[in-house]
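Q: Sharing a sequence plus its predicted fold:
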Amino acid sequence: MRTGSNETVSSHFLGSVVYVEKGLYTVSLRPSLLVIDGQQRLTTMSRLLEALARRVGNTEPLDGFSAVKIRNHYLQNSLESGDRRYKLILSKADRDSFISILEKQPKPKKPSQRIFRNFQFFVNKLEKEEDLTPVCRGLAKLLIVDIALDRERDNPQLIFESLNSTGKELSQADLIRNYVLMGLEPDLQTDLYQRYWQSMEKEFGQEEYVDHFDRFMRHYLTVKTGRIPEICEVYDEFKRHAGVAAKTTEELMELVADIRNYARYYCVMAFGQEPDPDLRRTLAPLRELKVDVPYPLLMELYEDYQQGMLKKEEFQEIIGYIESYVFRRAVCSIPTNSMNKTFATFARQVDKTAYLESVKAQFLLLPSYRRFPRDEEFKRELKTRDLYHFRNRTYWLRRMENYGRKEPVPVDEYTIEHIMPQNEELSYWWQNALGPHWREIQQKWLHTLGNLTLTGYNSEYGDRSFPEKRDTEGGFAESPLRLNRGLARLETWGEEQIGRRADALASKAVEVWPIPELSDGVLETYRALPKERGYSIQDHPYIAAGGPMESLFLRLRREILALDTIVSEEFLKLYVAYKAETNFVDVVPQAGQLRLSLNMPFSEINDPRNLCINVAGKGRWGNGEVEVKLRNEDEIPYVLGLIRQSLERQMGND
């Protein structure tokens with residue numbers, strides 16, 4: 001509109017349209033061209049032109065802009081049929097919707113919402129314009145750069161990446177799809193897209209495809225490579241993986257078929273598409289927990305289930321342990337640090353000849369901050385935790401109420417009830433029931449397990465006394481909910497009753513969220529045996545018995561190993577490595593000091609005394625950019641604080 005309304009503006013540059021030519025051709029016989037950049041501009045402009053054609057009707061506000069001329073010049077080849085009838089053909093997901101607009105047909109059964117929303121946007125805009133001349137003049141002034149590529153000489157993908165290196169970023173899904181398809185001949189492109197990629201797009205759904213496909217591909221690459229790429233680096237990691245796994249066209253087809261299979265597993269679990277009702281019920285709580293980190297393990301399990309390596313009952317039991325592991329850790333306030341690393345490598349430790357037993361052993365042997373909380377820890381934290389403000393409060397209430405039920409209760413139809421009210425100014429009855437320290441009792445137990453339940457009569461209960469809540473119509477005495485069992489037999493409600501109910505519910509919770517069980521003898525067979533070391537302390541004379549740094553090293557060694565049970569020690573030829581996930585500090589013994597390498601960026605170290613040195617790129621023994629020297633035992637407490645930063649950074653890297 002700005003361009004068409006301004007006589008001094010001769011043109012408006014719209015950008016480039018890049019396409020791949022098949023070869024030489026004549027004007028009378030033009031083959032279809034594959035557009036690799038400019039698809040959105042062409043599609044948007046075509047919808048604007050169709051909206052304009054409908055608006056101008058039999059008029060011609062500007063030469064060349066009658067409805068017939070617009071359609072024949074820009075939208076259709078009137079003498080052709082089939083796909084050749086249209087100037088622009090979209091990909092399968094949008095094709096039918098776009099054609100229905102051009103042909104004024106009803107929407108297809110599964111319409112492309114964005115196609116229609118954009119078209120309607122232009123229809124609405126044009127309806128408000130009394131004078132269409134500026135619109136037509138503005139369209140006539142648009143210019144593009146026409147770039148034709150030769151399939152035999154040009155690399156469409158590299159050109160595509162360069163053209164899109166600025167501006168709004170393309171999704172990782174778009175980049176991966178184009179990487180797979182662009183290097184292929186047109187017929188093979190069509191075959192691969194229709195057989196594999198199109199079905200993936202349909203299963204994900206148009207609106208969710210971009211976001212969920214990127215996340216799925218991150219999980220897929222984690223399964224295949226053992227590395228967890230950043231979500232914004234999924235495309236780069238895929239290119240590295242494909243460069244190794246798909247060097248030929250046949251291998252590329254196998255790779256895409258494998259991606260398609262894993263995408264099906266992901267959609268089945270993430271979107272509730274599992275056809276088996278038993279599995280669907282088992283998987284539902286994981287979606288409600290809203291955690292993505294188990295998907296690398298879940299997809300591997302599903303693959304083995306599909307291949308017959310894992311029985312359905314075993315698969316369901318393992319899914320239950322995954323759910324319990326995630327929920328118990330959340331209740332016990334164990335940081336989520338390293339959970340995705342736990343699930344990323346979990347399957348590689350499983351002995352698939354004894355699948356279920358091996359999975360149980362792996363869960364039970366997870367150390368320290370990766371641990372599967374035992375029953376006593378779980379019950380203790382569950383009873384005292386503020387569960388009302390818990391992120392998954394509807395989830396845990398539903399699971400508690402419906403555990404073992406064949407006819408689940410629709411918990412969403414109920415609200416959470418505080419048996420002891422939330423009102424800071426409790427009534428005389430409540431003050432008397434709780435005793436002289438009623439404020440402290442209310443503050444301590446208000447939002448905890450023992451005082452929370454479900455009801456459909458929340459507004460009727462209000463701040464009433466316990467007997468009134470119990471005996472009123474629809475009160476606890478008449479409640480069909482299992483969570484309210486036992487309340488009808490109580491005469492009063494106070495700290496003692498809250499504690500007893502919490503004990504009972506916590507005991508039930510360890511059944512709802514079980515931990516695997518194995519005998520000590522079986523578990524012992526799965527414990528990792530100490531690795532044979534190629535080197536020992538004797539290979540380092542400065543810290544060996546009688547060495548000048550022996551005492552200092554032994555004291556430091558003791559403190560480092562005490563930081564966490566996950567920490568392990570390994571003597572190498574040139575230094576001693578201390579590891580959690582990987583090395584977090586390396587100790588290089590020297591005649592008059594211990595030189596420590598901290599495996600973290602120098603910019604992140606908090607070093608008030610300025611003892612650390614930036615050794616990035618200097619080729620020192622050890623890992624990391626931070627070097628600090630330790631000369632006497634008085635420096636150990638401060639240096640240990642620096643070492644702890646490296647360990648905590650590694651443990652919190654997720």
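A: Looks like it arrived, so ask away.
Q: By residue count, what's the longest helix in the chain?
A: Longest helix in the chain by number of residues (criterion: DSSP state H): helix 249-270.
Q: tell me the angle the helix or strand following that helix makes with helix 249-270.
A: Once the chain leaves helix 249-270, the next helix or strand it forms, by DSSP states H and E, is helix 277-289. Per axes from the mean of the first three to the mean of the last three Cα atoms, to 10 degrees, the angle that helix 277-289 makes with helix 249-270 is 80 degrees.
Q: Show me what counts as buried in the longest helix of the chain.
A: For helix 249-270, the neighbour count (16 or more other Cβ atoms under 10 Å) marks 252-253, 255-256, 258-270 as buried. C-betas here are computed from N, CA, C, even on glycine.
Q: List the neighbours of it that are in contact with it.
A: Helix 249-270 is contacted by residues 180, 184, 188, 192, 196-197, 199-200, 203-204, 212-213, 216-217, 219-220, 223, 242, 245-246, 273-274, 283, 286-287, 295, 298-299, 302-303, 306 when judged by Cβ atoms under 8 Å, 6 or more residues apart in numbering.
Q: What's the mean pLDDT across it?
A: Taken as a whole, helix 249-270 has a mean pLDDT of 92.
Q: before we move on, what about stretch 334-341?
A: On average, stretch 334-341 scores 78.
Q: now do stretch 373-389
A: For stretch 373-389, the mean confidence score works out to 95.
Q: Repeat that for stretch 106-124.
A: 91.
Q: cool, and stretch 419-430?
A: 92.
Q: export that stretch as CSV, just CAs?
A: Presented in CSV, the C-alpha positions along stretch 419-430 are these (Å, rounded to 0.1, in the frame of the first residue of the first chain):
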residue,chain,number,x,y,z
ILE,A,419,-9.3,-29.9,56.0
MET,A,420,-7.8,-27.4,58.4
PRO,A,421,-8.8,-24.1,56.7
GLN,A,422,-6.3,-21.6,55.1
ASN,A,423,-7.9,-18.6,56.8
GLU,A,424,-5.2,-16.9,58.9
GLU,A,425,-7.8,-16.0,61.5
LEU,A,426,-9.2,-19.4,62.3
SER,A,427,-12.5,-19.7,64.1
TYR,A,428,-12.7,-20.4,67.8
TRP,A,429,-13.5,-24.0,67.2
TRP,A,430,-10.4,-24.5,65.2
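Q: residues making contact with it?
A: Contacts of stretch 419-430 (Cβ under 8 Å, 6+ apart): 434, 438, 442, 445-446, 451-453, 462-463, 465-466, 469, 487, 493, 498.
Q: The residues you listed in helices, which ones?
A: Per DSSP H, the contacts of stretch 419-430 map to helices at Leu434, Trp438, Gln442, Trp445, Phe466, Lys469, Ile498.
Q: chain center to stretch 100-112, what's the gap?
A: 34 Å (Cα atoms, centre = their mean, to the nearest Å).
Q: that older thread, counting neighbours, which of the contacts of helix 249-270 end up buried?
A: Here, 16+ other Cβ under 10 Å leaves 180, 184, 192, 196-197, 200, 203-204, 212-213, 216-217, 219-220, 223, 242, 246, 274, 283, 286, 295, 298-299, 302-303 buried among the contacts of helix 249-270.
Q: contacting residues around Gly32?
A: Residue 32: Ser, not Gly. Ser32 neighbours (Cβ under 8 Å, 6+ apart): Asp83, Arg84, Ile89.
Q: what's the distance between the closest residue to Arg398 other than its chain neighbours and Asp96?
A: Counting by Cβ to Cβ, 6 or more residues apart in numbering, Val411 is the residue found nearest to Arg398 once chain neighbours are left out, at 4.2 Å. Applying Cβ to Cβ, to the nearest Å, the value for Val411 to Asp96 is 41 Å.
Q: now Thr59
A: Distance from Thr59 to Asp96, by Cβ to Cβ: 30 Å.
Q: Now do the strands in the protein.
A: Here the chain has its strands, by DSSP state E, at 12-21, 34-37, 142-150, 415-418, 452-455, 568-571, 576-579, 583-589, 594-598, 613-614, 626-630.
Q: what's the closest of these to Asp236?
A: Closest to Asp236 of the strands of the chain is strand 34-37 (Cβ to Cβ; 19.6 Å).
Q: which residues touch the closest one?
A: Outside strand 34-37, the residues that touch it by Cβ under 8 Å, 6+ apart are 16-20, 42, 147, 149, 156, 159-160, 163-164, 178, 182, 186, 189.
Q: What strands flank that strand, and is each parallel or antiparallel?
A: Here strand 34-37 is paired, per DSSP bridges, with strand 12-21 (antiparallel).
Q: Hmm, which of the contacts of stretch 419-430 is lowest in pLDDT?
A: For those, the pLDDT minimum is Gly462, 82.
Q: Neighbours of it, how many?
A: Gly462 has 11 neighbouring residues, counting by other Cβ atoms under 10 Å.
Q: how close does the spatially closest residue to it that is not a sequence neighbour sit to Tyr461?
A: Using Cβ to Cβ, 6+ apart and skipping the chain neighbours, the partner closest in space to Gly462 is Pro421 (7.6 Å). Pro421 sits 8 Å away from Tyr461, going by Cβ to Cβ.
Q: just Arg470 next, same as before
A: With Cβ to Cβ as the criterion, Arg470 and Tyr461 are 10 Å apart.
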